[in-house]
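Visitor: from the sequence below, what's the structure:
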Amino acid sequence: MTHRIDINGKALRLGWCILAVIVFGFVLAIRIRLLGIPLERDEGEYAYAGQLMLQGIPPYKLAYNMKFPGTYAAYAVIMSIFGQTIFGIHLGLLLVNAITVALIFLLGRRLIDSTVGIAAATSYAVLSMSPSVLGLATHATNFVMVFVLGGTLLILRLSESERHSFERLSASGLLFGIGALMKQPALLFIPFGAIHLLWNDVHQRFILKKILLRNLIFGVAAIVPLGITCLILWYVGVFDKFWFWTVRYAAQYGTFLMGEIYTGKWPLYRAMQVSGRSITEAIGVAWGLWALAGLGLMVGLWERRSRSSTTFLLGFLVFSALAVCQGFYFRPHYFIMILPAVSLLVGVAISNLSDLLASRMIVVRFAPLFLLGVTLGLPIFWEKKLFFLVSPVEASRMIYSDNPFAESVKIADYLRDHTSPDDTIAVLGSEPEIYFYAQRHSATGYIYTYGLMEPQKYARQMQEEMIQEIERARPNYLISVVMFYSWLWRPGSERLIFTWANEYTAQNYVAAGLVNITPRQTDYFFGDVPPSVESLTNYILIYERNR
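Guide: Model (predicted):
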């Protein structure tokens, strides 16, 4: 009987290994096939800023944005290894995703067992490549979770042994701090780590002095990365720009919607509808995995064996949700920050179901494995056209309709062929990927124009500064993006930039190209702009400066 149980256990472990190999094989094949998806605008921003850093130009000097510079540095590292190309950037994402999957496996195994680790790792691998969270794009949230999960794993190891506790505390705090450098919402993971550390120390009945010292070490270590970053930016002379964009303007941006709700300009019920729709869209076709996560949360808290670990995961889930909800914007890629917690709860559900069936015949014991396999397979099957059939360019158009991401590649090729490396260009719109592809510097630091359209107190000041920078730089080419999603203009938006652009281009530039984007196709007119074009709705005009 013992021999039979041992054989059954080995067969079950082999089954889990086979499932992991199959899932990871599919995910790897899909990501490799779609490495060539054109960069979207956030990727373009990071790539351009990283490209500038590789040229010795610090962040916030030639490219302004409200994000912390950690992801710029991460892109610079990736491009220094894999090259300044679309493929190189997405190859870096593949590596980052693989590290995240490995960390989730280690977390699941440490919290409960290897079954949780495998189920969580495979779940994250599938969830994190979903187009519903823009999982094929190299967003900052991918980098956030690598460092947060690494810091979390080290904090969990602190409860096992007192040996090397100072080193682990310091390393954990540093990792949480670096995660926050990737994107500001990740700051919320630092109190999660601190609360768990405090709870663990109290549970182990450490004296008050030791508890305070350990938390002080963790807190100081978490602040160090941002402190060092501020010193470096001050030394290179861009701290004022950094402070304005990442603190003063970011505060306006981050509190705008909450202020609208508070003043009644945006009714609370409407805000709840928007958030509910955003969550539904983020879940998408992977609803089965999210349902398993909900089951894992309930069962995990009920069962004594997994209650402590599930309580920890509940805290992780809450702080992940707070990071996603910050500012009430609910961008699709924000949800990547909640996927590790969801995936680990899937693992809890599968592990508890496996325990429930542990005494049954071997066929029944395989039921949790088959359940997870089907639940993982459905999202891949439903997105089979995107994952297996269309080209990377077509995949970009499927995911990002009404955005000129594929077109930006050809526009940049034209600009690079008709300018010298010392020439500058200016994009009127939010398409920083053009600067990266063209390998030309922007005539203005305003590589995004969203802030100029927002009803915030700096809008006119920002428009005036952008105008002054362009007029001072006299760019050789000016690209006007006449597309809503590149501006997000509102009825009450300040219109100075549009009035100026019409007058400035008429006086100083001639039309050198037109890109007309229709639902069926994109028409390119380089060097020979027709006097009229049918169905001119979304288009990009390329102007060359009068000699």
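Visitor: every contact and neighbour count from this point should use C-alpha atoms.
Guide: Fine.
Visitor: and the helices in the stretch 401-547 of the chain?
Guide: Ranges of helices in the stretch 401-547 of the chain, per DSSP state H, counting those that start in this stretch, are 405-417, 433-438, 450-453, 459-473, 496-508.
Visitor: kindly report the same for the stretch 251-400 of the chain.
Guide: Under DSSP H, counting those that start in this stretch, the stretch 251-400 of the chain gives helices at 268-283, 287-302, 304-325, 339-356, 362-365, 367-382, 384, 392-399.
Visitor: picking up where we left off before, what's the most buried one of the helices of the stretch 401-547 of the chain?
Guide: Comparing the helices of the stretch 401-547 of the chain on average neighbours per residue, with mean count of other C-alpha atoms under 10 Å, the densest one is helix 433-438 at a mean of 26.
Visitor: which helices and strands sit right next to that helix?
Guide: The contact analysis (3 or more C-alpha pairs under 8 Å, 6 or more residues apart in numbering; DSSP states H and E) places helix 433-438 against helix 41-54, helix 405-417.
Visitor: can I get it in CSV, CA atoms only?
Guide: What follows is helix 433-438, C-alpha atoms only, in CSV (Å, rounded to 0.1, in the frame of the first residue of the first chain):
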residue,chain,number,x,y,z
GLU,A,433,8.1,56.4,-29.7
ILE,A,434,8.8,58.5,-32.9
TYR,A,435,11.8,60.1,-31.2
PHE,A,436,13.2,56.7,-30.2
TYR,A,437,12.8,55.1,-33.6
ALA,A,438,14.1,58.2,-35.4
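Visitor: picking that back up, adding mean pLDDT and distance to Ala98, write the helices and strands packed on helix 433-438 out as CSV.
Guide: As requested, these are exported to CSV (pLDDT from 0 to 100; distance: least, C-alpha to C-alpha, whole Å):
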stretch, mean pLDDT, distance to Ala98
helix 41-54, 97, 19
helix 405-417, 96, 26
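Visitor: so which of the ones you listed is nearest Ser354?
Guide: helix 41-54 (41.1 Å; C-alpha to C-alpha).
Visitor: next one: that closest one to chain centre, how far?
Guide: 14 Å (C-alpha atoms, centre = their mean, to the nearest Å).
Visitor: only alpha carbons, please: show the helix or strand following that helix as CSV.
Guide: Remark: after helix 41-54, the chain's next helix or strand is helix 70-82, criterion DSSP states H and E. Output of helix 70-82 as CSV, limited to C-alpha atoms (Å, rounded to 0.1, in the frame of the first residue of the first chain):
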residue,chain,number,x,y,z
GLY,A,70,13.6,53.9,-12.3
THR,A,71,12.0,52.5,-15.5
TYR,A,72,14.1,54.7,-17.6
ALA,A,73,17.2,53.2,-16.1
ALA,A,74,15.8,49.7,-16.5
TYR,A,75,15.2,50.4,-20.2
ALA,A,76,18.7,51.7,-20.5
VAL,A,77,20.1,48.5,-19.0
ILE,A,78,17.9,46.3,-21.2
MET,A,79,18.9,48.2,-24.4
SER,A,80,22.6,48.1,-23.4
ILE,A,81,22.3,44.3,-23.4
PHE,A,82,19.8,43.5,-26.1
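Visitor: so which elements touch helix 70-82?
Guide: By 3+ C-alpha pairs under 8 Å, 6+ apart, helix 70-82 packs against helix 41-54, helix 86-111, helix 140-158, helix 165-182.
Visitor: what residues of that helix count as buried?
Guide: For helix 70-82, the neighbour count (16 or more other C-alpha atoms under 10 Å) marks 70-79, 82 as buried.
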